[in-house]
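>>> only the shape, not the letters, is given here:
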């Protein structure tokens with residue numbers, strides 16, 4: 001799964017740059033508004049809202065934008081008709097792709113997503129066609145800084161984490177979706193803070209993509225989806241050589 005993980009890291013870095021440019025601000029604000037509608041504006045009592053805010057802050061969203069999004073969702077605003085929709089399909093090379101979107105116009109979003117697939121040698125499928133290939137997990141990312149690995153490992157496992165791994169500049173804690181909040185709270189009680197905490201999807205197996213043309217169409221499709229205003233998350237189960245991925249990203 002190295003190719004997929006490498007792509008995930010690249011898109012995370014790009015998201016930080018995009019946020020600084022203002023490209024991703026609307027997406028983070030939309031997620032905050034949906035979280036407020038689902039559980040109220042109290043950050044302490046609404047874990048989804050708290051996680052959305054932490055993720056937005058980690059990517060550079062200003063506090064003023066966060067405040068405005070909460071205030072808008074707390075009143076009679078446009079967030080009333082935002083829907084959470086999942087799209088599924090196959091990209092070039094038979095790569096399974098799962099898209100999570102937040103939209104106030106499902107016809108517009110579905111049309112755009114279908115167009116991206118068609119233009120890049122892919123096919124948008126029916127609901128459930130690839131979702132079973134991805135495992136739903138909770139991921140907690142903690143900046144390394146001066147943290148002792150053994151201590152944070154013990155804190156995470158004692159709080160109920162399923163797995164723990166070291167990445168370039170962070171530690172990643174894996175949980176079940178239902179235990180994500182409990183593990184976050186356990187880590188914090190042990191004196192540590194998290195960077196991001198979210199429910200994500202991990203591919204159970206991967207498809208190798210070695211052909212350059214196939215890789216080019218695949219990455220162009222994924223970029224188009226990632227850059228759409230209504231798309232929240234994109235997951236794909238491909239395996240690609242790091243050098244090819246870096247060259248085309």
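Ah, there it is. Here the structure is a predicted model, which is why all the values come from computation and not from measurement. Numbering: from 1, shown residues only.
>>> how's the protein carved up into domains?
As assigned by automatic domain parsing, the chain contains the domains 2-81, 84-120+206-248, 133-203.
>>> what's the closest of those domains to residue 127?
Smallest distance to residue 127 across these (C-beta to C-beta): 6.3 Å, for domain 84-120+206-248. Where you see a C-beta, it was placed from the backbone N, CA and C, and this is true even at glycine.
>>> what's the end-to-end length of the closest one?
Counting by C-alpha to C-alpha, to the nearest Å, you get 31 Å between the two ends of domain 84-120+206-248.
>>> got a markdown table for the domains of the chain, with mean pLDDT, mean neighbour count and distance to residue 127 too?
What follows is the domains of the chain, written out as a markdown table (pLDDT from 0 to 100; neighbours: other C-beta atoms under 10 Å; distance: least, C-beta to C-beta, whole Å):
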| stretch | mean pLDDT | mean neighbour count | distance to residue 127 |
| --- | --- | --- | --- |
| domain 2-81 | 78 | 17 | 20 |
| domain 84-120+206-248 | 94 | 18 | 6 |
| domain 133-203 | 93 | 16 | 13 |
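>>> can you list those in CSV and add distance to residue 126?
Conversion of the domains of the chain to CSV gives the following (distance: least, C-beta to C-beta, whole Å):
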stretch, distance to residue 126
domain 2-81, 23
domain 84-120+206-248, 7
domain 133-203, 14
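>>> what about the longest strand in the chain?
strand 134-143 (DSSP state E).
>>> any idea how far it is from the middle of the chain?
In terms of C-alpha atoms, centre = their mean, to the nearest Å, the centre of strand 134-143 is found 9 Å from the chain centre.
>>> and it, which strands flank it?
Applying DSSP bridges, strand 134-143 is found paired with strand 170-175 (antiparallel), strand 196-203 (antiparallel).
>>> which stretches of the protein form strands?
Counting by DSSP E, the strands of the chain are 83-90, 96-103, 123-124, 134-143, 163-166, 170-175, 196-203, 207-208, 231-236, 238-239.
>>> which one of those lies nearest to residue 27?
strand 231-236 (6.6 Å).
>>> contacts for that closest one, please.
4, 7, 11, 27, 30-31, 91, 95-102, 113, 134, 200-203, 218, 222, 225-226 (C-beta atoms under 8 Å, 6 or more residues apart in numbering).
>>> quick one, what contacts residue 215?
Per C-beta under 8 Å, 6+ apart, neighbours of residue 215: 93, 209, 240, 244-245, 248.
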